[in-house]
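*Asks:* Provided below are the primary sequence and the corresponding predicted coordinates.
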Amino acid sequence: MQPEILETLVLVVHVLASLAIIGLVLIQQGKGADAGSGFGSGAAGTVFGSSGAGNFLTKTTTMIAIGFFVTSFGLAIFAKQKSESLRTLGIPAVTQQAESSELPEIALDKVESELPDVEQSASEIPAAANDAATDSEVPN
């Protein structure tokens, strides 16, 4: 069987299992609903009996949930195989690496800064205000 057909089949079973789990969980009653059947409630006259329906639905839900997990693992395997086959598609192989000695060296002492040199006297802040700001910031 071709992998594409098998993957499609597993995907269809996966979706059907998920829908079946949703339906079976919605059909089942909560634990609080069983208390009324002991006092002659309408649940005692069901097709499966008062406790038979819950047991049957629980076992069916369990079996379908196991199938759901198996199909999940199967789909994960298919996805891994696809990603491995697509990993090398269109990516060129590295044939030669540059050595570190081929990189140009930069002399840091000859690099000119784009920022202008500003002298203390050329500051826009007056000297008295500058001194007052530093005095107020330093605690005695």
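*Replies:* Yep, that arrived. Numbers count the residues shown, from 1 in each chain.

*Asks:* so what's G30 up against?
*Replies:* Contacts for G30 (CB atoms under 8 Å, 6 or more residues apart in numbering) come out as none. Any C-beta I mention is one placed from the backbone N, CA and C, and that applies to glycine too.

*Asks:* where does this structure have low pLDDT?
*Replies:* Low-confidence segments of the chain, defined by pLDDT under 70: 31-54, 88, 90-94, 96-113, 115-140.

*Asks:* and if we set it to 80?
*Replies:* Per-residue confidence of the chain (counting by pLDDT under 80) places the weak regions at 1, 29-54, 85-140.

*Asks:* For V13, give its distance to E7.
*Replies:* The spacing between V13 and E7, counted by CB to CB, to the nearest Å, is 11 Å.

*Asks:* for T58, same thing?
*Replies:* 31 Å.

*Asks:* My read is that A17 contacts G67, right?
*Replies:* Yes. Taking contact to mean CB atoms under 8 Å, the distance of 5.0 Å between A17 and G67 places them in contact.

*Asks:* okay, the two: which has more neighbours?
*Replies:* In terms of neighbours (other CB atoms under 10 Å), A17 is the more surrounded of A17 and G67; the figures are 20 against 16.

*Asks:* Which one's more surrounded, T58 and E7?
*Replies:* More neighbours surround E7 than the other of T58 and E7, with 17 against 12 (other CB under 10 Å).
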